[in-house]
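**Q** 3D model of this:
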Amino acid sequence: LAKPLGKGGLRGRPFCVTIPEVSLTRGAQAPLTTKDTTMAINAPEGTRDLLPDEALFWNQFKQTAAEVFGAYGYLPIETPIMEQTELFVRGIGEATDVVSKEMFTAISGENLRRWVEEGKAPKAKSRLSLRPEGTAGVVRAVVQHDLVPQGAAPAKLMYAGPMFRAERPQKGRQRQFNQVGVECLGAEEPTIDAEAIIMLMRFYEAIGLDTSKLTLLINSMGCETCRPAYRDAVAQFLIDHEADLCEECRTRAHTNPLRAFDCKQEACVQVMKDAPLITDALCEECKTHYAQVKAYLDDAGISYVDDPTLVRGLDYYTRTVFEVQVKEGMGAQNAIGGGGRYDKLMEEIGGQPMPGFGFALGFERCILALEAQGFTFPESRTIECFVACVDASVKPQAFMLLQHLRDAGIASDMDHLGKSLKAQFKSAGKQQASYVLVVGPDELAQNALTCRDMDAHEETTLDLAKFTEALQNAALTEEPTTLGDIITSLP
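**A** Presented below is the predicted three-dimensional model:
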């Protein structure tokens, strides 16, 4: 864009634009095709498709989370993938990398035109951003819908879905990625902190991760009583050592000094080894709270490493913070989950004072951790039964049989390409069908079907009328059934 975006601009933040199918230059729209070539359109950089095997595992991943977290009283919530930009600016912190560098902000084509051509910046309610994390949106929903009225039990909520950050794509770091997370609003007892951490470790076990190969790091970030003085002390330490710091950490000294602990530049790592530690600055209440969290974890047999340099990248954290890392096999992107307490976030976005605690874990990072431990995606068995036609004359009867199978809850399919019987059996094998039901003129003349068990390599003859009746009866019951059960139940 040739001209500045005016007052109230995006401060260098990446933005995406919804533009109707007209040219921004008021000229003719450039064609996507020429006479000789057609433009190949791939997934945007930093995004990836979840193909069937991985998409099925994502569904199982979410279901496992619902089962594990549900045992602790957590209920599902769905929030929009877009929120007003101001929610993230106020909730996450304008000085954080997430807000200042990584957030995708979306405006409509008409608002963009007015901004560029007339200098009219969009109103706040029209400035939307794709969510870079899930907590702010859930807390906004709790405020908006008053989910924790005065004196009510805490709201325990879980979510799953895509998040968006304009990061440099690399292994374990994408611009669109999937997360599962939980938020507990309305309780400040250390039992909430401890049970959430325990719950997360139980989830890792449930998806097949060897937790002995994971490291749980915990720390306390202090509260509004003790953290400001500590933050100032770290800022002064950075200023005193700025000659030895990278440019970004010199900037952090004035914006977000605690993030210097996360810098991977070797010179900064060496400097920060001598930086003040939060554990030496905690007030008595924070010390007591942190000690109680660790005591509950000890009682539950949860191993952890007390790491006073652990900080989280979002400004809203207070007191307990934690992170789960893979010990080996994932390189620098070894964090697969983390979170902490945020007792002031509700006030930051306009609600009443209310304590909160939450965490999020990345699906793609968990996949990498599983693969590092030898996991491979199981081949998905898409159907249980394949209905094969000897010739085209029996296709109407085969088609109706197929409907009976599906009504009974049995995943089934048939050939739709006019293949030979031999080729149909190959198709059934590729789809990993357990059974093939052969419909032919000779079988129909005897009111029968040929059933081939693809695993046992055995064939039997079924009475078509009795088999159809059994399928119809199965369709009337709520209990799940298999084709094998129906076949063995036939007289």
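
**Q** From here on, just use CA atoms for contacts and neighbour counts.
**A** Noted.

**Q** where does the longest helix seen in the chain sit relative to the chain's centre, distance-wise?
**A** Ranked by residue count, the top helix of the chain under DSSP state H comes out as helix 52-70. The chain centroid and the centroid of helix 52-70 are separated by 10 Å, computed with C-alpha atoms, centre = their mean, to the nearest Å.

**Q** Provide the contact partners of that helix at residue level.
**A** Helix 52-70 is touched from outside by 74-76, 158, 160, 180, 199, 202-203, 206-207, 363, 377-380, with contacts defined as C-alpha atoms under 8 Å, 6 or more residues apart in numbering.

**Q** where are the low-confidence patches of the stretch 1-150 of the chain?
**A** Screening the stretch 1-150 of the chain residue by residue with the criterion pLDDT under 70, one finds the ranges 1-37, 95.

**Q** Quick one: the strands in it, in order.
**A** 15-18, 75-76, 82-84, 105-108, 128-130 (DSSP state E, counting those that start in this stretch).

**Q** Deepest-packed of these, please.
**A** The highest mean neighbour count among those belongs to strand 128-130 (a mean of 23), with neighbours defined as mean count of other C-alpha atoms under 10 Å.

**Q** where does the residue nearest the centre of the chain sit relative to Phe237, distance-wise?
**A** The centroid of the chain falls nearest to Gln179 when counting by C-alpha atoms, centre = their mean (1.8 Å). Going from Gln179 to Phe237 by C-alpha to C-alpha, to the nearest Å gives 35 Å.

**Q** One more: Gln352?
**A** Gln352 sits at a distance of 35 Å from Phe237 (criterion: C-alpha to C-alpha).

**Q** Can you tell me the element Arg319 falls in?
**A** For Arg319, the enclosing helix or strand under DSSP states H and E is strand 318-326.

**Q** Residues touching that strand, excluding its own?
**A** With C-alpha under 8 Å, 6+ apart as the criterion, strand 318-326 contacts 193, 213-224, 286, 290, 310-312, 334-344, 369.

**Q** if we go to 6 Å?
**A** 214-223, 334-342 (C-alpha atoms under 6 Å, 6 or more residues apart in numbering).

**Q** What of stretch 472-479?
**A** 407-408.

**Q** Restricted to helices, list the contacts of helix 52-70.
**A** Using DSSP H to define helices, the subset of the contacts of helix 52-70 located there is 199, 202-203, 206, 363.

**Q** Buried subset of these, written for PyMOL?
**A** Burial among the ones in helices among the contacts of helix 52-70 is assessed by 16 or more other C-alpha atoms under 10 Å; the matching PyMOL selection reads:
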select buried, resi 199+202+203+363
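
**Q** Could you let me know which of the ones in helices among the contacts of helix 52-70 ends up closest to Ile41?
**A** Proximity to Ile41 was ranked across the ones in helices among the contacts of helix 52-70 by C-alpha to C-alpha; first place goes to Phe363, at 25.6 Å.

**Q** these two touch, right, that closest one and Asn178?
**A** Yes: proximity of Phe363 to Asn178 meets the contact threshold set by C-alpha atoms under 6 Å, at 5.5 Å.

**Q** hang on, the earlier thing: buried residues, the longest helix of the chain. List them.
**A** Residues 54, 57-58, 61-62, 64-66, 68-69 are the ones in helix 52-70 that count as buried (16+ other C-alpha under 10 Å).

**Q** In a markdown table: the ones in helices among the contacts of helix 52-70, plus pLDDT.
**A** Conversion of these to a markdown table gives the following (pLDDT from 0 to 100):
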| residue | pLDDT |
| --- | --- |
| Met199 | 98 |
| Arg202 | 97 |
| Phe203 | 98 |
| Ala206 | 96 |
| Phe363 | 96 |
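
**Q** Make CSV from the ones in helices among the contacts of helix 52-70 and add distance to Lys120 to it.
**A** Formatted as CSV, the entries for those read as follows, by distance: C-alpha to C-alpha, whole Å:
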residue, distance to Lys120
Met199, 49
Arg202, 52
Phe203, 49
Ala206, 52
Phe363, 40
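
**Q** which among the ones in helices among the contacts of helix 52-70 gets closest to Glu94?
**A** Of all those, the one sitting nearest Glu94 is Phe363; the distance, using C-alpha to C-alpha, is 26.6 Å.

**Q** so who does that closest one touch?
**A** By C-alpha under 6 Å, 6+ apart, the neighbours of Phe363 are 178-179.

**Q** what's the spacing between it and Lys422?
**A** From Phe363 across to Lys422, the span is 41 Å (C-alpha to C-alpha).

**Q** do Arg113 as well
**A** 61 Å.

**Q** Then Gly429?
**A** 11 Å.

**Q** Between the two, tell me which one has more neighbours.
**A** Gly429 (16 against 10; other C-alpha atoms under 10 Å).

**Q** For the residue nearest to the more buried one when sequence neighbours are not counted, the count of nearby residues, please.
**A** Once flanking residues are discounted, Gly429 sits nearest to Met454: 7.8 Å by C-alpha to C-alpha, 6 or more residues apart in numbering. Residues lying near Met454 (other C-alpha under 10 Å) number 17.

**Q** Met454 is in contact with Ser434, isn't it?
**A** Yes: counting by C-alpha under 6 Å, Met454 sits close enough to Ser434 to count as a contact (5.3 Å).

**Q** which residues does Tyr435 contact?
**A** 385, 452-454.

**Q** Go through those residues and single out the one with the most neighbours.
**A** The member of the contacts of Tyr435 surrounded by the most neighbours (other C-alpha under 10 Å) is Cys385, with 29 neighbours in all.

**Q** partners of that one in the sheet?
**A** Going by DSSP bridges, Cys385 is paired in beta bridges with Ser412, Tyr435.

**Q** what residue ranges in the stretch 201-350 of the chain score low on pLDDT?
**A** Across the stretch 201-350 of the chain, residues meeting the criterion (pLDDT under 70) sit at 312-315.

**Q** For it, just list every one of the strands.
**A** Taking DSSP E, counting those that start in this stretch as the criterion, the stretch 201-350 of the chain contains strands spanning 214-220, 305-306, 318-326, 335-341.

**Q** partners of the longest one in the sheet?
**A** Each strand paired with strand 318-326, and its direction, by DSSP bridges: strand 214-220 (antiparallel), strand 335-341 (antiparallel).

**Q** how about that strand as PDB, C-alpha atoms only?
**A** Output for strand 318-326, consisting of C-alpha atoms alone and laid out as PDB, is shown next (Å, rounded to 0.1, in the frame of the first residue of the first chain):
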ATOM      1  CA  THR A 318      -0.300 -14.700  37.600                       C
ATOM      2  CA  ARG A 319       1.000 -17.100  40.200                       C
ATOM      3  CA  THR A 320       1.200 -20.700  38.900                       C
ATOM      4  CA  VAL A 321       2.500 -21.300  35.400                       C
ATOM      5  CA  PHE A 322       3.600 -24.600  33.900                       C
ATOM      6  CA  GLU A 323       4.800 -26.200  30.700                       C
ATOM      7  CA  VAL A 324       5.200 -29.700  29.500                       C
ATOM      8  CA  GLN A 325       8.200 -30.500  27.400                       C
ATOM      9  CA  VAL A 326       9.300 -33.600  25.500                       C
END
